[in-house]
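**Q** With the sequence up front, the predicted model follows.
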2 protein chains.
Amino acid sequence: MDRFLSTAVMNIDAKGRVSVPGRFRQVIMARGYQELYALRCLDIPALDVGGPDLLDAYEARIASEDPFLQTADDMSFFIHGDGDFLKMDSEGRLQVSDFIRAHTNVADRIAFVGRGKHFQIWEPERLSDYSADVRARLLKLRQAKLLQTSSGAAQGEPE
Amino acid sequence: MDRFLSTAVMNIDAKGRVSVPGRFRQVIMARGYQELYALRCLDIPALDVGGPDLLDAYEARIASEDPFLQTADDMSFFIHGDGDFLKMDSEGRLQVSDFIRAHTNVADRIAFVGRGKHFQIWEPERLSDYSADVRARLLKLRQAKLLQTSSGAAQGEPE
DNA sequence: TGTAATCCCATTGACGCCCAATAATGCCCA
DNA sequence: TGGGCATTATTGGGCGTCAATGGGATTACA
């Protein structure tokens, strides 16, 4: 499997380092990432972390914007200038920099959240809050769909 | 048969392990699953467990969404980040992790419920409650249909 | 030359692997 | 149809391995 999946919470040691979960390290190697690039998410206190192809997705997004509008320029600034590299040491640990701390508010524990082709970094408490929000939104969506199609009832799950 | 069918309740041992029912293990092998992936059901205290193709269905669903809307992001978060791997040991047992316990409330016994292409994990008591709920809903639905179609009453039905 | 990042090695503890014991099931034969 | 046997599923628990961690030594950088 070469996708980042599941969530793991790791401890930050006295020197400010944190081990990247073994499963994630396997994915990083399988994908051939030599270095990790981190971007601050716009509307949530999390970082998107991935290889060079993390930028590809964003750049494709920029390409679809009108280059004369400010949006494209803002996006470029956000992606190319406002990110940071995360270097892993020989043990697969990375330094929890101020860049990470300031945006996520992590203190002594840090959550790694798989997102398929990349992963996210969260402060565990904030993550669980966000997770509850997401689940509530999806449940609402599901119930709305039920009302659309048939009469109520039918509790089953997605096939 | 290569579908997960029926229900089995198994004991959790002192080391926090539980044997996957032999019948389910046969299906797992027949389907060639090397590892199992578990998702927390949205509105019930159960886990959906299946192979990698459990994700495939969801990812196909995501692909049909506008990737820049929040719904697609929520779905990705739920599927990629909010699940967990269940590793089976050489005897076909799996570790009952906190991830499982927190959502299902299992203590010392755990119910495996076949759902065709995947199966579910339940706390036995809650499962029987849920089973009663499902039957009640279906019965209500059926009776409502009866009233709609034919003249009222009609108590005894063909078995 | 002080600070911080990186490397290296030791320790720990969880997890997977293995073997053995018991229980359950199906099968065969009288 | 019933009893005995063989096979398999389910358990229990010991042990080794490896990931996660802690901390000292070394190097890079300002």
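**A** In hand now; what should we look at?

**Q** Return the distance of the residue lying closest to residue A:82 once chain neighbours are set aside relative to residue A:101.
**A** Nearest residue to residue A:82 in three dimensions, chain neighbours excluded: residue A:40, at 6.6 Å (C-beta to C-beta, 6 or more residues apart in numbering or on different chains). Backbone N, C-alpha and C define where each C-beta goes, glycine included. For residue A:40, the distance to residue A:101 equals 12 Å [C-beta to C-beta, to the nearest Å].

**Q** ok, those two, which is more surrounded?
**A** Ranked by neighbour count (other C-beta atoms under 10 Å in any protein chain shown), residue A:40 and residue A:101 place residue A:40 first, with 18 against 15.

**Q** which secondary structure element contains residue A:59?
**A** helix A:53-63 (DSSP states H and E).

**Q** Do any residues in stretch A:83-97 lie close to DNA strand C?
**A** Yes. Part of stretch A:83-97 sits near DNA strand C under the criterion C-beta under 7 Å from any atom of the strand, namely A:87, A:89-91, A:95, A:97.

**Q** ok, residues contacting that stretch?
**A** A:12, A:16-20, A:22, A:25, A:28, A:35-40, A:49, A:99-100, A:106, A:110 (C-beta atoms under 8 Å, 6 or more residues apart in numbering or on different chains).

**Q** can you do 7 Å?
**A** Residues outside stretch A:83-97 that contact it (C-beta atoms under 7 Å, 6 or more residues apart in numbering or on different chains): A:12, A:16-20, A:25, A:35-39, A:49, A:99, A:106, A:110.

**Q** hmm, which of the residues you listed are the buried ones?
**A** For these, a burial check counting by 16 or more other C-beta atoms under 10 Å in any protein chain shown picks out A:12, A:17-20, A:36-39, A:49, A:99, A:106, A:110.

**Q** Verify the contact between residue A:123 and residue A:102 for me.
**A** No. Look at residue A:123 against residue A:102 with C-beta atoms under 7 Å: they stay out of range, at 11.5 Å.

**Q** give the contact list for residue A:4.
**A** Contacts of residue A:4 by C-beta under 7 Å, 6+ apart are A:24, A:27, A:114-116, A:118-119, B:80.

**Q** out of those residues, which are inside strands?
**A** A:114, A:119 (DSSP state E).

**Q** of all the contacts of residue A:4, which comes closest to residue A:5?
**A** Residue A:5 lies nearest to residue A:114 out of the contacts of residue A:4, by C-beta to C-beta, at 4.2 Å.

**Q** Go through chain A and flag its longest helix.
**A** When chain A is parsed with DSSP state H, its longest helix is helix A:124-149.

**Q** still on that earlier bit, by neighbours, which of the contacts of residue A:4 wins?
**A** Sorting these by how many neighbours each has (other C-beta under 10 Å) puts residue A:119 first, at 31 neighbours.

**Q** Quick one: low-confidence residue ranges for chain A.
**A** Scanning chain A for pLDDT under 70 picks out the ranges A:65-70, A:146-159.
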